[in-house]
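> need the 3D shape of this:
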Amino acid sequence: QVQLVESGGGLVQAGGSLRLSCAASGDTFSRYKMAWFRQAPGKEREFAAAIGRDGSSTQYADSVKGRFTISRDNAKKIMDLQMNSLKPEDTAVYYCAADSRYYLSSSNPNGYAYWGQGTQVTVSS
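Just a heads-up that it's a prediction; the model follows:
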């Protein structure tokens with residue numbers, strides 16, 4: 001099992017940047033594919049970005065491609081999401097997720113067994 005804790009959320013103006021971090025504890029971090037999902041009020045949880053176990057493969061939702069960058073440091077057990085050129089529609093609670101079943105879809109929340117508690121990101125216009 002792995003425990004996940006997000007940090008770095010906050011309030012930012014449109015066009016600004018934020019960096020989210022997800023710290024893992026417990027099992028060997030490099031066993032897990034990782035991802036960021038987000039959920040806005042009244043909406044379903046949606047995929048934002050994912051990264052493979054060794055960090056060599058990444059995947060992004062079209063809505064964040066070119067603006068967000070996902071990365072991980074397996075030695076430090078940390079995954080980050082650098083968010084640039086933020087828009088009001090990026091406002092949501094952001095969750096990090098992990099799963100050791102690499103063969104499951106990286107963009108489907110059902111492909112992740114472990115979740116953090118979430119961190120709020122608010123982008124003002």
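> can you pull the buried residues of stretch 46-63?
47-51, 53, 59-61 (16 or more other C-beta atoms under 10 Å). Bear in mind the C-beta positions are built from the backbone N, C-alpha and C, glycine included.
> what helix or strand does the spatially most central residue of the chain sit in?
The centroid of the chain falls nearest to Trp36 when counting by C-alpha atoms, centre = their mean (2.0 Å). Counting by DSSP states H and E, the element that carries Trp36 is strand 33-39.
> what distance separates that strand from the middle of the whole chain?
4 Å (C-alpha atoms, centre = their mean, to the nearest Å).
> and that strand, what does it pack against?
strand 18-26, strand 46-51, strand 68-73, strand 78-83, strand 92-99 (3 or more C-beta pairs under 8 Å, 6 or more residues apart in numbering; DSSP states H and E).
> same list, those strands, but as a markdown table with mean pLDDT and distance to Gly111 please.
Below are the helices and strands packed on strand 33-39 laid out as a markdown table (pLDDT from 0 to 100; distance: least, C-beta to C-beta, whole Å):
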| stretch | mean pLDDT | distance to Gly111 |
| --- | --- | --- |
| strand 18-26 | 97 | 16 |
| strand 46-51 | 98 | 9 |
| strand 68-73 | 98 | 16 |
| strand 78-83 | 98 | 16 |
| strand 92-99 | 97 | 6 |
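> fine, thanks again, bye for now.
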